[in-house]
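Asker: what shape does this take:
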Amino acid sequence: PLKDRFSLKIQRTGSQSVYYNGNFKESIELPAGNYDITATYGENATIGKDCPYYTGTIREVKVEADKTTGVTIPCKVSNALISVKFGADEDEKARFDRYYKDYGLMVRVGDFSLPITREFPNSSIYFPAGSQPLFYFYGTLKSDNGRMVSIELNHKNLPDVFHAADHAKLTLTLPDPESALGVNISKAELTTVQLDETIPLSWLPVSTVIPTH
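Answerer: As a prediction, this is how the structure comes out:
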């Protein structure tokens, strides 16, 4: 991620004295001493869509009078996320579309919830490390007078508490090909998300079109 998207907080090591708290700068003048420097990007929201939160801290950086001190701050994803596939393949995806006119996965963290919908299945839901999210499949049946369906989901591979950079990739299936009911998580893969997997699309350069004959 571009460094100028980050914020910096610089404070004296072992003290609450903050010497700088603002947008990234290439250079900052400080009195001689030892400093802890923290870089952050984003907000560690209770729940959010496609909103990675990056942090990194380097401690006891020694600043000497009339000298330049170079600093590198390794950053990582500090919240956790969920993504979902509706069906393991195109045939299973088509079954969801055949039985439901609207459906999605609702992710709930405490009193807050957000869906991953059939219209935007590639979205991810982020939440703070240490959270215990709940998952619900919801849908509106095409038959049965448009009855609403809500099913709580779980899987043995899902942790009780998510840690920083945990990424749970869920695959939902309809076990009975002749029924819309019984939606479950057929696969739950827990991986550690890397920084370069979560760069928001708004950071990428706009595509250009070059006409040719």
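Asker: any chance you could map the strands in this structure?
Answerer: Using DSSP state E, the strands assigned to the chain run over residues 7-12, 18-23, 33-41, 48-49, 54-63, 76-77, 79-86, 100-109, 112-117, 125-128, 134-141, 148-153, 166-173, 184-192.
Asker: and of these, who's closest to residue 94?
Answerer: Closest to residue 94 of the strands of the chain is strand 79-86 (C-beta to C-beta; 10.0 Å). Any C-beta I mention is one placed from the backbone N, CA and C, and that applies to glycine too.
Asker: strands paired with that closest one, and their directions?
Answerer: The strands beside strand 79-86 in its sheet (DSSP bridges) come out as strand 125-128 (antiparallel), strand 166-173 (parallel).
Asker: go ahead and measure how far the shortest one is from the middle of the chain.
Answerer: Same thing as strand 125-128. 5 Å (C-alpha atoms, centre = their mean, to the nearest Å).
Asker: which residues does it contact?
Answerer: The contact list for strand 125-128, computed with C-beta atoms under 8 Å, 6 or more residues apart in numbering, reads 44-53, 79-83, 107, 109, 114, 116, 133, 162.
Asker: again, 7 Å this time
Answerer: 44-49, 51-52, 79-82, 107, 109, 114, 116, 133 (C-beta atoms under 7 Å, 6 or more residues apart in numbering).
Asker: what subset of these is buried?
Answerer: 44-45, 47-48, 51-52, 79-82, 107, 109, 114, 116, 133 (16 or more other C-beta atoms under 10 Å).
Asker: identify the farthest-apart pair in the residues you listed.
Answerer: That would be 44 and 116, which, of the buried ones among the contacts of strand 125-128, are the farthest apart (C-beta to C-beta) at 20.0 Å.
Asker: what's residue 82 in contact with, if anything?
Answerer: Going by C-beta under 7 Å, 6+ apart, residue 82 touches 107, 124, 125, 133, 168, 170.
Asker: no wait, residue 69
Answerer: Contact partners of residue 69, counting by C-beta under 7 Å, 6+ apart, are 61, 62, 63.
Asker: one more: residue 168?
Answerer: 82, 158, 188, 190.
Asker: only whichever of those are buried, select them in ChimeraX.
Answerer: In ChimeraX syntax, the buried subset of the contacts of residue 168 is picked out as below (16+ other C-beta under 10 Å):
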select :82,158,188
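Asker: now, which of the contacts of residue 168 sits nearest residue 17?
Answerer: Using C-beta to C-beta, the contacts of residue 168 come closest to residue 17 at residue 82, 39.3 Å.
Asker: distance of the closest one from residue 63?
Answerer: Residue 82 sits 42 Å away from residue 63, going by C-beta to C-beta, to the nearest Å.
Asker: next one: residue 103
Answerer: 56 Å.
Asker: which non-adjacent residue is nearest residue 72?
Answerer: Spatial nearest neighbour of residue 72, chain neighbours left out: residue 58 (7.6 Å); criterion: C-beta to C-beta, 6 or more residues apart in numbering.
Asker: list the buried residues of stretch 134-144.
Answerer: Under 16+ other C-beta under 10 Å, the buried positions of stretch 134-144 are 135, 136, 137, 138, 139, 141.
Asker: surely residue 92 touches residue 172?
Answerer: No - using C-beta atoms under 7 Å, residue 92 makes no contact with residue 172, being 8.7 Å away.
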